[in-house]
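>>> prediction below, plus the sequence it came from.
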Amino acid sequence: MAHRALVAYERSDGRYDVHTSRLGALDCRLARTISPADPYAGGDVDPEPNVVARPFEHALTMVDPARHEAIYRVEADYQVRTYLPLWFGLDHYLGPEASSPSGLVVAVDGPDDAARLRRWLQTAKGVLADGISEGVLDVADADRILENAVRTRVDGEIYDPGRTDGY
Amino acid sequence: MTADVRARTDPSIETAQSVVETGLDSGAVVTIFGECTVEYDGRAESTLGPGDRHVMCKPDGTVLVHTDEGHQPVNWQPPGCTHEVSLADDTLVLDSQRDNPDEQLVVAFDAVEHVAAFDVTDPEELSLSGTEEDLRQRILEAPSLIEPGFTPLATERETSAGAVDVYGEDEEGRAVVLELKRRRVGPDAVGQLARYVDALQRDLHADTGIRGILVAPSVTDRARSLLAERGLEFVSLEP
């Protein structure tokens, strides 16, 4: 719901304060609207941090790929990098016993890149879900295939928020 | 009202400079199309080599550099910048400066194919539409769009699976969770809605079933069958 995002601001000590935004993932807009003069983009980002002084990898563990549409990394010089959480979530195709959300977080260049990647993921998941429905694959197989496909397709940074070391 | 337009196709560099300069001075929207290079220096540095680009300067100080791809400019300056236009070695140079932070965008045209200055009058306020926020506002203003008797009770209601956008009750007093999407949706939206419904069921220790309604312009066939399988509902609504 909404267009939820996490925003990790680098501190002078190299660690990060993590804030939330309810609508800031829309069209990856915070990458353009966050600036030193307006760090919270006119209130688009909640000025109260959720956690303070953590490594960036900790911010990744806060990503819920089923809910968050973007995560932004704001460096100390206010360069903003945009990441897209990719929700694998194949088990909910099968019935009510869905396990916790899984997925990867990948760097994107902007809204067009994010939109292309989302469409690609939806298509790939649809194909894999057909395989699961037909009994050809189980969910674990499909998750592995999807992870390999993402790692092949995406050139830039890839993080696995489910792993504590962040990679 | 027809805007006052001054435009030249295939102008000399001097004519192009004159149109841009008088346009900027008079508060017009100025556009330039031609082969150019773009240099940006500020929070980062970038250089775009020679290529055909369409550049727009707005009277509020915005500059947008567009190629033939995407809806986003490849380079831009926000409102509040100052522009200077000059000639250097048969090149038309547009220099945009921003003070805080210190940023500079320089567009140098070797050739100008088209230049124009538009005296734009637009009394209409821009109405942003098409987001999930718009959809939410529409529902809060007219809850019967969901169904007769639906009453929204809370927005951003927290559950153990995250905040529910709209929480309410139907005319029989049953709890209702709405999942709003601005576009055609697939199984993921059903999965998200199911998570909220399950979480709320746990949080409330609810004896009676909690209704989950997916609100979006349309759903895919797979999503529709998943909704049915899970006893969830769908209401078609455009943002």
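Okay, I see it.
>>> okay, A:P96: pLDDT?
Per-residue pLDDT puts A:P96 at 51.
>>> do the same with B:Q192
B:Q192 is given a pLDDT of 88.
>>> would you map out the domains in chain B?
B:4-119, B:132-236 (automatic domain parsing).
>>> what stretches of chain B score poorly on pLDDT?
For chain B, the stretches with pLDDT under 70 are B:1-3, B:122-130, B:206-208.
>>> looking at the domains of chain B, spot the one closest to chain A.
domain B:132-236 (3.4 Å; Cβ to the nearest Cβ). All C-beta spots, glycine's among them, are computed from the backbone N, C-alpha and C.
>>> any idea how far that closest one is from the middle of the chain?
25 Å (Cα atoms, centre = their mean, to the nearest Å).
>>> can you check stretch B:88-101 too?
For stretch B:88-101, the distance to the chain centre is 27 Å (Cα atoms, centre = their mean).
>>> what does that stretch contact?
A:35-37, A:78, B:13, B:16-17, B:20, B:32, B:42-43, B:55, B:57, B:61, B:63, B:77-78, B:80-87, B:103-110, B:112 (Cβ atoms under 8 Å, 6 or more residues apart in numbering or on different chains).
>>> all helices for chain B, in order.
Ranges of helices within chain B are B:13-25, B:132-141, B:187-204, B:221-230, based on DSSP state H.
>>> give me the buried entries from the contacts of stretch B:88-101.
With neighbours counted using 16 or more other Cβ atoms under 10 Å in any protein chain shown, these contain these buried positions: A:35, A:78, B:13, B:16-17, B:20, B:32, B:42, B:55, B:57, B:61, B:63, B:77-78, B:81, B:83, B:85, B:103, B:105-109, B:112.
>>> how many neighbours does B:G162 have?
19 (other Cβ atoms under 10 Å in any protein chain shown).
>>> nope, A:T61 is what I meant
15.
>>> I'd say it and A:D160 touch.
No: using Cβ atoms under 8 Å, A:T61 makes no contact with A:D160, being 10.1 Å away.
>>> so how far is the longest strand anywhere in chain B off the chain centroid?
Longest strand of chain B, by residue count under DSSP state E: strand B:103-119. From the chain centre to the centre of strand B:103-119 is a distance of 25 Å (Cα atoms, centre = their mean).
>>> can you check stretch A:150-162 too?
For stretch A:150-162, the distance to the chain centre is 10 Å (Cα atoms, centre = their mean).
>>> buried residues, stretch B:168-187. List them.
B:168-170, B:175-182, B:185-187.
>>> same thing with stretch B:224-236?
Under 16+ other Cβ under 10 Å, the buried positions of stretch B:224-236 are B:R224, B:L226, B:L227, B:R230, B:L232, B:E233, B:F234.
>>> quick check: the residue nearest to the first one when sequence neighbours are not counted vs B:A163, distance?
By the measure of Cβ to Cβ, 6 or more residues apart in numbering or on different chains, the closest residue to B:R224 outside its immediate chain neighbours is B:F234, 7.0 Å from it. Noted for B:F234: a distance of 21 Å to B:A163, by Cβ to Cβ, to the nearest Å.
>>> and what of B:V235?
Taken as Cβ to Cβ, the span from B:V235 to B:A163 is 20 Å.
>>> next one: B:A44
Taking Cβ to Cβ, one finds B:A44 at 34 Å from B:A163.
>>> tell me which of these two has more neighbours.
The neighbour comparison of B:A44 against B:A163 (other Cβ under 10 Å) goes to B:A163, with 18 against 10.
>>> ok, and the closest non-adjacent residue to that one?
That would be B:E156: by Cβ to Cβ, 6+ apart, it lies 4.7 Å from B:A163.
>>> the strands in the chain, which residues?
No chain specified, so I'll use chain A. A:5-10, A:16-21, A:51-54, A:70-74, A:80-87, A:103-108, A:158-159.
>>> wrong chain, I was asking about chain B
B:4-9, B:29-41, B:45-57, B:63-66, B:75-77, B:82-88, B:91-98, B:103-119, B:151-159, B:162-169, B:175-180, B:211-216, B:233-236.
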